[in-house]
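J.: build me a model from this:
(one chain, ligands or ions: 2)
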Amino acid sequence: MKKRIYIAGGSKGGVGKSIQSVALIDTLGSRREKVLLIESDTSNPDVFKMYSGEVQTELIDLDDANGWIDLVNVCDQNPDHVVVVNTAARNNRGVTAYGQTLNSTLKELQRELVTLWVINRQRDSLELLRDYMEALPGSRTHVVRNSYFGDERKFELYNGSQIRKTVEDAGGRSLTLPDLADRVSDDLYSNRLSIAKAMEQLPLGNRAELGRWRADVHTMLGVVLNA
Ligand SMILES: Nc1ncnc2c1ncn2[C@@H]1O[C@H](COP(=O)(O)OP(=O)(O)O)[C@@H](O)[C@H]1O
Ligand SMILES: [Mg+2]
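T.: Ligands and ions are numbered 1, 2, ... in the order given. Got it, this is the predicted structure:
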């Protein structure tokens, strides 16, 4: 098998897709993996801006059939890079229409597709997940409760849901993304800093908080990367 393709999904705006992508790129970097970031949020390419100086990047619009062709070709041309796709809000439309382009080529690409589906505590996060799993059945899909929205146990709708059973029966996991203090996440976004850059530039207290979050993230994602 070649290196994996990871999609940071969630479909809705503001659920934490970008910060999940950041967490993943940083974790892969700590394992000395070569990373190729596909930024598909062309209207707000925040992860692209944070990481274009550090990893190979491509801006690709996945609302469009051409974008899915480009995605497959870029994956094919960079077999030694782990691919991380940061998605935009409303991408389910693109996935439903064109996801088959990727799904049908996974075998020939010799890559596993793994999705980290980020949720908040609302019901539509789960309904969108169901649609996504139907559109991209070739993906192993894990659910990420973003603890920015509350503790793991507050995700009652998900924790007790049928979709959770469906995810876990298919080998997916239910994970929890740690919450980073607002002022530090604001530092990252406003100054367009990668985690590594922020660990050089921020004041000591901010770096200590970022270091705590980073270590928790590496532990949480280690489960996914090793599976
Ligand atoms: N785990 C988290 N820790 C700290 N801040 C978070 C976290 N998740 C989300 N946020 C905040 O919420 C905002 C939206 O998150 P983002 O990852 O950009 O969402 P999306 O990409 O899904 O639109 C971010 O700017 C950040 O301030
Ligand atoms: Mg985003």
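J.: for the rest of this, base every contact and every neighbour count on C-alpha atoms.
T.: Fine.
J.: close enough to count as contact, Ser174 and Thr141?
T.: No: if you go by CA atoms under 8 Å, Ser174 and Thr141 don't touch, sitting 9.5 Å apart.
J.: name the residues that touch the lowest-mean-pLDDT helix or strand in the chain?
T.: Ranking every helix and strand in the chain by mean pLDDT, DSSP states H and E puts helix 91-103 at the bottom, with a mean of 92. For helix 91-103, the surrounding residues in contact (CA atoms under 8 Å, 6 or more residues apart in numbering) are 11, 62-65, 68-69, 71-72, 128, 131-132, 135-139.
J.: so which of these belong to strands?
T.: Ser139 (DSSP state E).
J.: just the buried members of the contacts of helix 91-103?
T.: Those of those that meet the buried threshold are 11, 62-63, 68, 71-72, 128, 132, 135-136, 138-139, by 16 or more other CA atoms under 10 Å.
J.: which pair in these spans the largest distance?
T.: Greatest spatial distance among those (CA to CA): Val72 and Leu128, at 23.3 Å.
J.: give the buried residues for the longest helix along the chain.
T.: Longest helix in the chain, counting residues (DSSP state H): helix 204-226. Buried residues in helix 204-226, counted by 16+ other CA under 10 Å: 206-207, 210-211, 213-214, 216-218, 220-221.
J.: same thing with stretch 176-183?
T.: Buried residues in stretch 176-183, counted by 16+ other CA under 10 Å: 176-180.
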